[in-house]
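*Asks:* turn this into a model:
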Amino acid sequence: MKFFQDEKRYRLFLLITLFLVFLALRLFIREEYFLLIGDHMKFIESADNFPNHTLYNNQLYTLHPPLYPYVIHFMKLITGSYVFGSVLVSVASAAALFWILYFFLIYLTSNFTLSYFTLVFFTLSNNMINAGYVPLRESLVMALLIGAIFMYLKGIKENKKNYLVYAAILGGFSALASDHGVFLLPAFAITYLLFNKEKPYLFKFKFPNLGWAIMPALV
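*Replies:* Numbering: from 1, shown residues only. You can find the predicted model right below:
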């Protein structure tokens, strides 16, 4: 068939097929119910107490930052349910993460086969499947973290400041979603040293475009 002889169309067909499998594994699950315990209920309760970010005892919920409960709160205004709204956030974030991860990998490696099979393992990951249909922030946090690194990589390699601004925005949101946002600091530093369009020299204290490069980390 001519369709499959066109490499771009064939790759698109493979990606869409895998994406449909990805969604099916998260939307059509075996369990009719899932237990709301621990962080599930804490996120929902703090969303219900918007904008105070407090729990049942009216104490500030200091263990986790407020972005995910805030998003749940606004989704509840649309869906009418905290649980359904939070699940919708998880599914939408997981779907976005799939494509962010693909474009990040293909940009980094320029290898479709490697990128595709990495996505296969990601699609079949039991932990990520479980996180993709329950009130947990993992999918949202990973989408923000990988998106921030991807934008930073493009900004550094292509010397384009607008991508660094996008990296700062996504990185800022990731810090408001999880304390794992702190790992963006070494990720940005390593990306700057390895992929900078103008090679930095540590021992000569030569750091080209450092002002713009450091801005996302400061944010």
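
*Asks:* show me where this structure has its helices.
*Replies:* 2-5, 7-27, 39-48, 67-79, 82-109, 112-123, 126-131, 138-158, 161-177, 184-195, 210-218 (DSSP state H).

*Asks:* make JSON lines out of those and add distance to L55.
*Replies:* All C-beta atoms are positioned from the backbone trio N, CA, C, and that covers glycine. JSON lines is the format used below for the helices of the chain (distance: least, CB to CB, whole Å):
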{"stretch": "helix 2-5", "distance to L55": "55"}
{"stretch": "helix 7-27", "distance to L55": "28"}
{"stretch": "helix 39-48", "distance to L55": "5"}
{"stretch": "helix 67-79", "distance to L55": "10"}
{"stretch": "helix 82-109", "distance to L55": "14"}
{"stretch": "helix 112-123", "distance to L55": "33"}
{"stretch": "helix 126-131", "distance to L55": "22"}
{"stretch": "helix 138-158", "distance to L55": "20"}
{"stretch": "helix 161-177", "distance to L55": "18"}
{"stretch": "helix 184-195", "distance to L55": "27"}
{"stretch": "helix 210-218", "distance to L55": "31"}
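
*Asks:* which stretch in those helices is the model least sure about?
*Replies:* Among the helices of the chain, helix 2-5 carries the lowest mean pLDDT, a mean of 58.

*Asks:* skip the chain neighbours and tell me the closest residue to the residue sitting nearest the centre point of the chain.
*Replies:* What sits nearest the mean C-alpha location of the chain, by CA atoms, centre = their mean, is A143, with 0.7 Å. Distances taken as CB to CB, 6 or more residues apart in numbering place L97 nearest to A143, at 4.2 Å, with adjacent residues excluded.

*Asks:* report how many residues lie close to the one you found.
*Replies:* A count of neighbours around L97, defined by other CB atoms under 10 Å, yields 24.

*Asks:* then V21?
*Replies:* Residues near V21, counting by other CB under 10 Å: 13.

*Asks:* ok, it - contacts?
*Replies:* Contacts for V21 (CB atoms under 8 Å, 6 or more residues apart in numbering) come out as T123.

*Asks:* the residue nearest to the centre of the chain contacts A95, correct?
*Replies:* No. Look at A143 against A95 with CB atoms under 8 Å: they stay out of range, at 9.1 Å.

*Asks:* buried set for stretch 45-60?
*Replies:* S46, A47, D48, N49, F50, H53, L55 (16 or more other CB atoms under 10 Å).

*Asks:* could you do stretch 106-122 as well?
*Replies:* Neighbour-count burial for stretch 106-122 [16+ other CB under 10 Å]: I106, F112, S115, Y116, T118, L119, F122.
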